[in-house]
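>>> Kindly generate the corresponding structure for this input.
(2 chains)
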Amino acid sequence: MIRSELIQKIADENPHLYQRDVERIVNTIFEEIIEAMARGDRVELRGFGAFSVKQRDARTGRNPRTGDSVMVEEKHVPFFKTGKLLRDRLNGK
Amino acid sequence: MSEKTLTRMDLSESVFREVGLSRNESAQLVESVLTHISDALAAGESVKISSFGTFSVRDKAARVGRNPKTGEEVPILPRRVLTFRPSHLMKDRVAVGNKR
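You can find the predicted model right below:
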């Protein structure tokens, strides 16, 4: 399923809404999650999962082609942990 | 890092502000988005949201695990797990936003 198919499903269930409003609703949800993580916040959606930010410490890396050492700066990466309910559903429970 | 935790309520609030719907209906729409994503994943489909990320379902084979406390061997049955791969846009925005 892709974004447009998700929007279509929601639009089909809500015939009283304009398609463009459904698009705005769906986009707002994803945008809000990204903005929260960009601020360093977590987004916890019980039963579905939680989006959080993990810190990767600075390290000395190597250029795999030349073998040269390079400093890799500390960075923050997005992380998703599946919720219990969804994990159980994937396994037919 | 501010380390606040947002919930469904915060997402509904954003939808409420963005579109002129009632708070109740905004909350229902947030729930409905999560339900559709979960349904697709439970059916084994992957869900690809451009400029956000991809949720995909992977099959894990059975293996012998160990209780780290007792050292006892326990069989781990084959199971399905969900992985989320963030889009480049999400990775960039999270990296830039959290830079000190």
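>>> Next, count neighbours for the closest residue to A:Lys9 other than its chain neighbours.
Sequence neighbours aside, B:His36 is the residue nearest to A:Lys9 in space, at 5.2 Å (criterion: CB to CB, 6 or more residues apart in numbering or on different chains). The way it works is simple: take the backbone N, C-alpha and C, and place the C-beta from them, glycine included. Using other CB atoms under 10 Å in any protein chain shown, B:His36 has 20 other residues around it.
>>> Break chain A down into its structural domains.
Domain ranges of chain A: A:1-39, A:42-93, per automatic domain parsing.
>>> Adding mean neighbour count and mean pLDDT, write the ones you listed out as TSV.
Formatted as TSV, those follow (neighbours: other CB atoms under 10 Å in any protein chain shown; pLDDT from 0 to 100):
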stretch	mean neighbour count	mean pLDDT
domain A:1-39	17	96
domain A:42-93	14	94
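>>> Indicate which one of these is closest to B:Arg17.
B:Arg17 lies closest to domain A:1-39 among the domains of chain A, at 8.5 Å (CB to CB).
>>> Report the separation between the closest residue to A:Ala50 other than its chain neighbours and B:Phe52.
Nearest residue to A:Ala50 in three dimensions, chain neighbours excluded: A:Glu44, at 4.4 Å (CB to CB, 6+ apart). Noted for A:Glu44: a distance of 17 Å to B:Phe52, by CB to CB, to the nearest Å.
>>> And the strands in chain A?
For chain A, applying DSSP state E gives strands covering A:42-45, A:49-56, A:59-62, A:69-72, A:75-82.
>>> now the angle between strand A:75-82 and the lengthiest helix in chain A, please.
Counting residues, the longest helix found in chain A (DSSP state H) is helix A:19-38. Angle of helix A:19-38 versus strand A:75-82, following axes from the mean of the first three to the mean of the last three CA atoms, to 10 degrees, is 120 degrees.
>>> My understanding was that the residue nearest to A:Ala50 contacts B:Leu6; is that so?
Yes - here A:Glu44 reaches B:Leu6: they are 7.2 Å apart, a contact under CB atoms under 8 Å.
>>> Closest residue of chain B to chain A?
B:Gly97 (3.1 Å; CB to the nearest CB).
>>> wait, is B:Leu41 part of a helix?
Yes - with DSSP: H, G, I helix; E, B strand; the rest coil as the criterion, B:Leu41 is part of a helix.
>>> How many residues are close by it?
If you count neighbours by other CB under 10 Å, B:Leu41 ends up with 22.
>>> who's in contact with it?
Neighbour list for B:Leu41: A:86, A:89-90, B:47, B:55, B:57, B:82 [criterion: CB atoms under 8 Å, 6 or more residues apart in numbering or on different chains].
>>> Check B:Leu89 too.
Neighbour list for B:Leu89: A:34, B:51-52 [criterion: CB under 8 Å, 6+ apart].
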